[in-house]
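1. Coordinates only, no sequence provided:
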């Protein structure tokens, strides 16, 4: 009877114990977030994802949504800026800093930078530069280099030059998930440490000339997270096989070899013909 009671008590305790909380994520953005959200959810199984995404949403509206929330999860993904005027880069930078202040130093913020054609002759380089400059001094801000991904051909956009293709949204979500992983490892236990200062030792009288031990150098601070792009597999250069048979100047030696063989063949033919004439 005692064993049965102990077993029942153990089962009751196990049932009452709270399950480990799933990592939380708030995903706020515009139509690009609408396209990337399904892929992002599939890449983050077990995460508790809350999404607020709407077409043509400017940064001010998206930041206000974050501002109104009573509490924030551990991680935030922000896809805003594409619907702002490119001349408002200073205001955009202020919005980024405001979101970081709301998040605090212990939360990860992933922000996707901007790729779109210039608007009325003005590019969005100022927005992307603002993100890079803020990320350089904010270890918990990770910038996904969507602009670099599109320019390098690692992601594709449609004919409007703004919205991604299906494969482009998948690549975008993969880069966001990679940035989230980097934010988590940045603050993981054991990721950084400080070496304790060495205790002072009294000099021994018998060894006055003993060389003191060098002081330990302080551990380097973890580098701030800046830009994430998906890892690309480098293909072998197409010219590698032809380069093996090329000369030092990059030209192929086969035309010269063929010409030399033709000259030899003609010389042998002339020799055999002359020999046949002498024999006859």
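-> Thanks, I have it. Note that the structure is predicted; figures quoted are calculated from it, not measured. Numbers count the residues shown, from 1 in each chain.
2. ok, now how distant is residue 63 from residue 174?
-> Separation of residue 63 from residue 174 (C-beta to C-beta, to the nearest Å) stands at 25 Å. Glycine gets a C-beta too; all of them are placed from N, C-alpha and C.
3. ok, residue 164 - contacts?
-> 32, 35, 36, 155, 156, 157, 158, 171, 172 (C-beta atoms under 8 Å, 6 or more residues apart in numbering).
4. Now do it against residue 123, distance only.
-> Distance, residue 164 to residue 123, using C-beta to C-beta: 19 Å.
5. Then residue 104?
-> According to C-beta to C-beta, residue 104 and residue 123 sit 32 Å apart.
6. the more surrounded of these two?
-> Taking other C-beta atoms under 10 Å, residue 104 and residue 123 do not tie; residue 123 has more neighbours (13 against 10).
7. Isn't the more buried one up against residue 86?
-> Yes: the pair residue 123 and residue 86 passes the contact test of C-beta atoms under 8 Å, sitting 6.2 Å apart.
8. distance of residue 96 from residue 170?
-> Taking C-beta to C-beta as the measure, residue 96 falls 26 Å from residue 170.
9. More neighbours: these two, which one.
-> Comparing residue 96 with residue 170 by other C-beta under 10 Å, the one with more neighbours is residue 96, at 25 against 20.
10. so the more buried one makes contact with residue 112?
-> No: if you go by C-beta under 8 Å, residue 96 and residue 112 don't touch, sitting 11.8 Å apart.
11. Now residue 49: closest residue in space, sequence neighbours ignored.
-> In this structure, residue 49 finds its nearest non-sequential neighbour in residue 25, 4.8 Å apart by C-beta to C-beta, 6 or more residues apart in numbering.
12. Show the contacting residues for that neighbour.
-> So residue 25 contacts 44, 47, 48, 49, 50, 73, 74, 75, 76, 77, 180 (C-beta under 8 Å, 6+ apart).
13. Which pLDDT value belongs to it?
-> pLDDT, residue 25: 98.
14. Tell me if it really is in a helix.
-> No: looking at residue 25 with DSSP: H, G, I helix; E, B strand; the rest coil, it is strand, so not inside a helix.
15. could you pull out the strands for the stretch 101-250 of the chain?
-> All strands of the stretch 101-250 of the chain, identified by DSSP state E, counting those that start in this stretch, fall at 108-112, 141-144, 227-228.
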